[in-house]
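Peer 1: missing the sequence, but the structure's below:
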């Protein structure tokens, strides 16, 4: 029922612009609200403490069910001519902050639809469950189990403040402040108010939807690209660190955080390689190589998916390298997708530790992050996650190849969806519309899998989960 109110802002735009989408949004809002009402009425007086299994189930259902209901405005707007599968794909892509699209001709679309797409990403970026955690306790429902299921792991701090409600509010406040700062910056740099707000939604959510077919390349402004790069990089860092930095009025927190240092080092290596390669291959001049190299690398690594030009004109090495880096994504507790920098850092440290152990078999070499020792159970969990992630990538890749896609296109599709990247190369460089319905639904599942950190969703398919 709360989610139905997401149709109100685009509904107002549709009413003021008279762009022919009013009936679609009204119908979608009514269907969503009354469907929620029918589910709520029979159990409105039932109160139970949530268990961790309930947290996993509700988290998964929020993203899945709201993704389906979020497709209604797309499906019920006749001028879009979207099939049900395309509408679901667009909705789940937005809500999971992926940014893959099946819609072409964005410059000609009604503003209400464009705003709705951006709003879906903004809601998905912070995590609808985190917002719900701040609301559900007011209804007498505990939220800690939901927060455990939604928070990406391994987490350094499961609670930033003593109460989970206050934690959710703190994270949302940081998210909102970054969005407002980003919108204001875009507006001052020359965007219209509509474009500034819309692109701030997708920039801070690291989502990548745009109001123009040419994405940020439409504005032909280096200043906008630099600003976008900054806000994408900031949004790729743990929001908990942003909150702690604001509360303590200190930037030193970032330099003391091992994951942030590792993330920024990886970004710097990829940026440096890209700029040098662009200059040596004479794709751009020195200035353009720096601006586009920095922007495009940060966009891909943080799994945002903005673009300034068709990457097919770049040497194949560069986009493929960046896609591999996107598998890492951003930091734990950020709006980025991917495996997360913390897990990659632990895998790297464990590899170095094993090499040292081979040289000194009798030595006791603890694995540390910062000054804290990492328990063996955490390292085991990270390796398990990586194994399942890799297996899921391979299985989805093979299914797409079996459906008729060439290997590079299939590889790009899986990276775009499982990493919540949204940007594709080869056969999907211009959008995901040409794919079959089977491929689109498979990629929807991959988007949910990536956004829910794989285990949160896959655990529902185990018989043990359903046993009493």
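Peer 2: Perfect, I can see it now. In this text the structure is predicted, and so the values were computed from the model without any measurement.
Peer 1: for the most centrally placed residue in the chain, report the pLDDT, please.
Peer 2: Taking CA atoms, centre = their mean, the centroid of the chain lies closest to residue 97, which sits 3.9 Å from it. The model reports residue 97 with a pLDDT of 91.
Peer 1: mind checking the SS state of it?
Peer 2: Secondary structure assignment for residue 97 (DSSP: H, G, I helix; E, B strand; the rest coil): coil.
Peer 1: correct me, but it touches residue 335?
Peer 2: Yes: in this structure, residue 97 is within contact of residue 335 by CB atoms under 8 Å, at 6.2 Å. Heads up, the C-betas are built off the backbone N, CA and C, glycines and all.
Peer 1: now do the shared contacts for the two.
Peer 2: Common contact partners of residue 97 and residue 335 (CB atoms under 8 Å, 6 or more residues apart in numbering): 125, 205, 206, 207.
Peer 1: in TSV: those residues, plus distance to residue 64.
Peer 2: Listed next are the shared contacts of residue 97 and residue 335 as TSV, based on distance: CB to CB, whole Å:
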residue	distance to residue 64
125	18
205	19
206	21
207	18
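Peer 1: restricted to buried residues, select the residues you listed in ChimeraX.
Peer 2: Here is the ChimeraX command that picks out the buried ones among those, judged by 16 or more other CB atoms under 10 Å:
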select :125,205,206,207
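Peer 1: between the shared contacts of residue 97 and residue 335, which is nearest residue 437?
Peer 2: Using CB to CB, residue 207 is the member of the shared contacts of residue 97 and residue 335 that sits closest to residue 437, with 23.6 Å.
Peer 1: what residues does that closest one make contact with?
Peer 2: When contacts are counted by CB under 8 Å, 6+ apart, residue 207 is found next to 94, 97-99, 121-122, 124-125, 201, 304-305, 335, 422.
Peer 1: is the residue lying closest to it once chain neighbours are set aside within a helix or a strand, and which one?
Peer 2: Counting by CB to CB, 6 or more residues apart in numbering, residue 207 lies nearest to residue 121, which is 3.6 Å off, once chain neighbours are set aside. Assigned by DSSP states H and E, residue 121 falls within helix 111-126.
Peer 1: so which elements touch that helix?
Peer 2: helix 8-17, helix 72-76, helix 84-95, helix 164-188, helix 193-204 (3 or more CB pairs under 8 Å, 6 or more residues apart in numbering; DSSP states H and E).
Peer 1: so which of the ones you listed is the most packed in?
Peer 2: The highest mean neighbour count among the helices and strands packed on helix 111-126, using mean count of other CB atoms under 10 Å, belongs to helix 84-95: a mean of 26.
Peer 1: what sits up against that one?
Peer 2: 63, 66-68, 70-72, 74-75, 80, 82, 98-103, 117, 120-121, 123-124, 128, 207, 209, 422, 432-433, 437, 440-441, 443-444, 447-448.
Peer 1: thanks again, I'm all set now.
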